[in-house]
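Student: Predicted model and sequence below, questions to follow.
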Amino acid sequence: GEYVFIKNGNNQPKLDKNGHLVINHDLHNHDGELPDGVAEKFIEWAKNEKLSFWK
């Protein structure tokens, strides 16, 4: 598939702090640019389950 880029308030492609285009995805929150994704939910789950590798 093709990438879908996030747009800013001026309907222009949004750039991250390094000047890269922000791609719409559900993997991680991209430093708060996107809603929490799979990575953040996994961290929350690992902490709740008290998994030994996540302290």
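Tutor: Sure thing, it's come through. Residues are numbered from 1 along each chain as shown.

Student: how about stretch 15-28: buried residues?
Tutor: 22, 23, 28 (16 or more other C-beta atoms under 10 Å). Bear in mind the C-beta positions are built from the backbone N, C-alpha and C, glycine included.

Student: Reformat these as JSON lines; add distance to residue 42, secondary structure and pLDDT.
Tutor: Output for those, formatted as JSON lines (distance: C-beta to C-beta, whole Å; DSSP: H, G, I helix; E, B strand; the rest coil; pLDDT from 0 to 100):
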{"residue": "22", "distance to residue 42": "21", "secondary structure": "coil", "pLDDT": "93"}
{"residue": "23", "distance to residue 42": "20", "secondary structure": "strand", "pLDDT": "92"}
{"residue": "28", "distance to residue 42": "10", "secondary structure": "coil", "pLDDT": "89"}
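
Student: Which of these sits closest to residue 15?
Tutor: Set against residue 15, the nearest of those by C-beta to C-beta is residue 22 (6.9 Å).

Student: Report the contact partners of that closest one.
Tutor: Going by C-beta atoms under 8 Å, 6 or more residues apart in numbering, residue 22 touches 5, 6, 13, 14, 15, 16, 30, 33, 34.

Student: And for residue 55, the neighbour number?
Tutor: Look at residue 55: counted by other C-beta atoms under 10 Å, it has 7 neighbours.

Student: what's the spacing between it and residue 36?
Tutor: Distance, residue 55 to residue 36, using C-beta to C-beta, to the nearest Å: 21 Å.

Student: go on, residue 27?
Tutor: Distance from residue 27 to residue 36, by C-beta to C-beta: 11 Å.

Student: rewinding a little: please convert the buried members of the contacts of residue 22 into PyMOL selection syntax.
Tutor: Buried subset of the contacts of residue 22, written as a PyMOL selection, criterion 16+ other C-beta under 10 Å:
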select buried, resi 6+14+30+34
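
Student: got the contacts of residue 22 as CSV, with pLDDT and distance to residue 45 columns?
Tutor: Below are those laid out as CSV (pLDDT from 0 to 100; distance: C-beta to C-beta, whole Å):
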residue, pLDDT, distance to residue 45
5, 95, 29
6, 93, 26
13, 95, 33
14, 93, 29
15, 94, 31
16, 91, 26
30, 81, 20
33, 82, 22
34, 83, 19
